[in-house]
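Engineer: Okay, predicted coordinates and the sequence, questions at the end:
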Amino acid sequence: MGSKLQLKRITLSELCLVFLLVFLGCSKDDNKAIQGIAVQEVEIFTEESKLNIGGTVQLNTVVTPADINNLNVFWGTGNPNVAVADKSGMVTGIKKGEVTIFAISEENLQISDSVVLQVE
């Protein structure tokens, strides 16, 4: 007669081990490519706190972690009548007053930083 097939019961610990090997066995670098890395912080750097009407100040950002897919930020102003910021972070003074300039992560709109500048 034919051979008899014997089935082995899998224990919970064996099942967990299989799960870990199959689903979590990727290296950290593989996980980055699959899941992407989230922006954690945007920080604006400038040595200037004042600018003249018609003058400009270049603002720069550091987005962390540095190995994310999208380091870009959106620039904006709290009062475009006082100063405007272009897409590269160049701020131009329009009229006297205080203005808040902000940078928002393109990848995660909830992550941002801001600076206050005085236009004289």
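Structural biologist: It's in.
Engineer: Now the residue sitting nearest the centre point of the chain. Its backbone dihedrals?
Structural biologist: Closest to where the C-alpha atoms of the chain average out (CA atoms, centre = their mean) is Val39, at 2.7 Å. Backbone dihedrals for Val39, given as degrees, to the nearest 10, come out at phi -70, psi 130.
Engineer: is it true that Gly55 touches Gly93?
Structural biologist: Yes: Gly55 lies in contact with Gly93 (CB atoms under 8 Å); the separation is 5.2 Å. Any C-beta I mention is one placed from the backbone N, CA and C, and that applies to glycine too.
Engineer: how about low-confidence regions in the protein?
Structural biologist: 1-36 (pLDDT under 70).
Engineer: can you pull out the helices in it?
Structural biologist: 12-23, 28-35 (DSSP state H).
Engineer: which of Gly55 and Gly93 has more neighbours?
Structural biologist: More neighbours surround Gly93 than the other of Gly55 and Gly93, with 22 against 14 (other CB atoms under 10 Å).
Engineer: and the gap between the more buried one and Phe102?
Structural biologist: 17 Å (CB to CB, to the nearest Å).
Engineer: give the contact list for the spatially closest residue to Phe74 that is not a sequence neighbour.
Structural biologist: Leaving aside its sequence neighbours, Phe74 sits nearest to Ile104 (CB to CB, 6 or more residues apart in numbering; 4.7 Å). If you count contacts by CB atoms under 8 Å, 6 or more residues apart in numbering, Ile104 has them with Val42, Val73, Phe74, Gly76, Ile111, Ser112.
Engineer: Perfect, I'm done here.
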